[in-house]
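A.B. asks: sequence and predicted model, in that order:
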Amino acid sequence: AVQVQESGGGPVQAGGSLRLSCVVHSYTWCEYDMTWYRQGPGNEREFVSEIDTDGLTTYADSVKGRFTLSQDNAKNTFYLQMNSLKPEDTGLYYCKVEGIAPPACRGFNGWGQGTQVTVSS
């Protein structure tokens, strides 16, 4: 079983920064693909960024150049550094992990409960 916990959200003024964390708790050590999603008020959940087990990152066009995704394998933690925040970045940010390696980790997937980011103008 995998448990995922996000933190680091909060209120911030436009132009400010926040760093979100996504910690993966599991009794088994695994390598994960990790994806950040967000859901703004009245909007559907949307893709923000992802990182695979090779460290390759992908970003939504709306956050490119402002957000940076990284990982600390020793801590089983992923970070989303968010700079130059805009009011439209407001939303509940979720992380999802998918176990990739070793093969026994396939199916070790999980979602966190989300952390709220509120950007005021």
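C.D. replies: Nice, thanks for sending it over.

A.B. asks: CA only for contacts and neighbour counts going forward, please
C.D. replies: OK.

A.B. asks: what about the longest strand in the chain?
C.D. replies: strand 91-101 (DSSP state E).

A.B. asks: can you pull up the bridge partners for Gln13?
C.D. replies: Ser120 (DSSP bridges).

A.B. asks: what does stretch 95-115 contact?
C.D. replies: 1-10, 22, 24, 28, 30-37, 53, 92-94 (Cα atoms under 8 Å, 6 or more residues apart in numbering).

A.B. asks: among these, which lie within strands?
C.D. replies: Taking DSSP E as the definition of strands, the contacts of stretch 95-115 contribute 2-7, 10, 22, 24, 31-37, 92-94.

A.B. asks: ok, now which ones touch the residue positioned nearest the centre of the chain?
C.D. replies: What sits nearest the mean C-alpha location of the chain, by Cα atoms, centre = their mean, is Trp36, with 3.4 Å. Contact analysis of Trp36 by Cα under 8 Å, 6+ apart lists 47-50, 93-96.

A.B. asks: buried set for stretch 86-104?
C.D. replies: 86, 89-100 (16 or more other Cα atoms under 10 Å).

A.B. asks: in JSON lines: these, plus distance to Thr115 and pLDDT.
C.D. replies: JSON lines is the format used below for the buried residues of stretch 86-104 (distance: Cα to Cα, whole Å; pLDDT from 0 to 100):
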{"residue": "Lys86", "distance to Thr115": "17", "pLDDT": "98"}
{"residue": "Asp89", "distance to Thr115": "13", "pLDDT": "97"}
{"residue": "Thr90", "distance to Thr115": "11", "pLDDT": "97"}
{"residue": "Gly91", "distance to Thr115": "8", "pLDDT": "98"}
{"residue": "Leu92", "distance to Thr115": "6", "pLDDT": "98"}
{"residue": "Tyr93", "distance to Thr115": "5", "pLDDT": "98"}
{"residue": "Tyr94", "distance to Thr115": "7", "pLDDT": "96"}
{"residue": "Cys95", "distance to Thr115": "9", "pLDDT": "96"}
{"residue": "Lys96", "distance to Thr115": "13", "pLDDT": "97"}
{"residue": "Val97", "distance to Thr115": "16", "pLDDT": "96"}
{"residue": "Glu98", "distance to Thr115": "19", "pLDDT": "96"}
{"residue": "Gly99", "distance to Thr115": "22", "pLDDT": "94"}
{"residue": "Ile100", "distance to Thr115": "25", "pLDDT": "93"}
